[in-house]
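A.B. asks: Pasted the sequence and its predicted model underneath.
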Amino acid sequence: IIGIHLVLVALLSQRAEIKYDPAHFLPSQIASLISNLGFRAELLDKVARGMDAIDVNVR
């Protein structure tokens, strides 16, 4: 997906870290995309690591 740079998923902890281009997506839009795939997604926090990243609780 254009604008999504990296997705790291930890199945046991039910968390994902997503690095994205804020010119293409808002964090809430990314959570909606995950929900559209059939998972419950809750934004946890924003991570400052040079590019925009969010932590998401995925169930």
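C.D. replies: Ah, there it is.

A.B. asks: On the three-state scheme, Q29 is what?
C.D. replies: helix (DSSP: H, G, I helix; E, B strand; the rest coil).

A.B. asks: Run a quick neighbour tally on it.
C.D. replies: The tally of other residues near Q29 (other C-beta atoms under 10 Å) stands at 11. The C-beta positions use only the backbone N, C-alpha and C, and glycine is treated the same way.

A.B. asks: Repeat that for I34.
C.D. replies: A count of nearby residues for I34, using other C-beta under 10 Å, gives 17.

A.B. asks: do the one 5 residues further on as well
C.D. replies: Residues lying near F39 (other C-beta under 10 Å) number 15.

A.B. asks: Touching, it and L33? I think so.
C.D. replies: No. Under the criterion of C-beta atoms under 8 Å, F39 makes no contact with L33, lying 9.9 Å away.

A.B. asks: Buried ones in stretch 13-23, by neighbour count?
C.D. replies: For stretch 13-23, a neighbour-count test (16 or more other C-beta atoms under 10 Å) marks A16, E17, I18, K19, Y20 as buried.

A.B. asks: mind listing the strands for the protein?
C.D. replies: Remark: strands of the chain, listed N- to C-terminal, are 4-10, 15-20, 41-49, 51-58; assignment by DSSP state E.

A.B. asks: burial measure for the nearest residue to S28 once chain neighbours are set aside, as a count.
C.D. replies: Nearest in space to S28, with sequence neighbours left out and distances taken as C-beta to C-beta, 6 or more residues apart in numbering, is L43 at 7.1 Å. As a burial measure, L43 scores 14 neighbours (other C-beta under 10 Å).

A.B. asks: Go ahead and confirm D55 touches L44.
C.D. replies: Yes. Using C-beta under 8 Å, D55 is in contact with L44, at 4.1 Å.

A.B. asks: Now do the shared contacts for the two.
C.D. replies: With C-beta atoms under 8 Å, 6 or more residues apart in numbering applied, the overlap between the contact sets of D55 and L44 consists of R15.

A.B. asks: Alright, that wraps it up for me.
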